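> Give me a 3D structure for the following:
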Amino acid sequence: MKLLNILHVEDNELISTITGEYLSMFEHKVTSCMDVTSGLKQLEENEFDVILLDLAMPTLTGYDFICELKNKPNILNKIHILTATDLTDEEKLELYDKGVKKILLKPLKAEELLEQIKN
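Numbering: from 1, shown residues only. A predicted model of the protein is given here:
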């Protein structure tokens with residue numbers, strides 16, 4: 001299995017820690033950011049294979065993160081949305097149209113998350 005360099009943008013510290021520790025058990029490298037601004041800065045400085053992105057965050061949201069990357073399809077197609085928000089079909093379609101790779105609903109079993117990002 002290919003080892004992945006993963007950017008995780010999530011404002012909930014507990015979710016961020018648990019996700020990072022779990023993925024690290026499989027030797028994936030996880031960089032965690034608690035806000036959109038830090039996540040965008042990481043993207044300027046590093047190359048990532050997968051981006052795990054929460055939509056609902058204070059100040060700037062996951063939608064803002066996606067909008068900042070609108071002209072970078074090579075980055076957008078690495079984004080896996082992790083959200084507890086019940087999205088409408090229209091909202092999902094809009095995110096996919098913007099280039100998002102997957103939308104995953106929280107709570108998500110750790111094994112399922114691993115399987116989804118490996119594909």
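
> can you give me the strands in this protein?
Using DSSP state E, the strands of the chain run over residues 5-9, 29-33, 50-54, 79-83, 102-105.

> any low-confidence regions in the chain?
For the chain, the stretches flagged by pLDDT under 70 are 1.

> what about the helices in it?
13-25, 36-45, 62-68, 73-76, 89-97, 110-118 (DSSP state H).

> and residue 104, which of those is closest to it?
With C-beta to C-beta, the closest approach to residue 104 among those belongs to helix 110-118: 6.0 Å. Heads up, the C-betas are built off the backbone N, CA and C, glycines and all.

> could you dump that closest one to PDB, C-alpha only?
Provided in PDB are the C-alpha atoms of helix 110-118 (Å, rounded to 0.1, in the frame of the first residue of the first chain):
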ATOM      1  CA  ALA A 110     -11.900   4.500  11.100                       C
ATOM      2  CA  GLU A 111     -11.600   1.500   8.800                       C
ATOM      3  CA  GLU A 112     -14.000   3.000   6.300                       C
ATOM      4  CA  LEU A 113     -12.100   6.300   6.200                       C
ATOM      5  CA  LEU A 114      -8.900   4.400   5.500                       C
ATOM      6  CA  GLU A 115     -10.500   2.400   2.700                       C
ATOM      7  CA  GLN A 116     -12.000   5.600   1.200                       C
ATOM      8  CA  ILE A 117      -8.700   7.500   1.100                       C
ATOM      9  CA  LYS A 118      -6.700   4.500  -0.300                       C
END
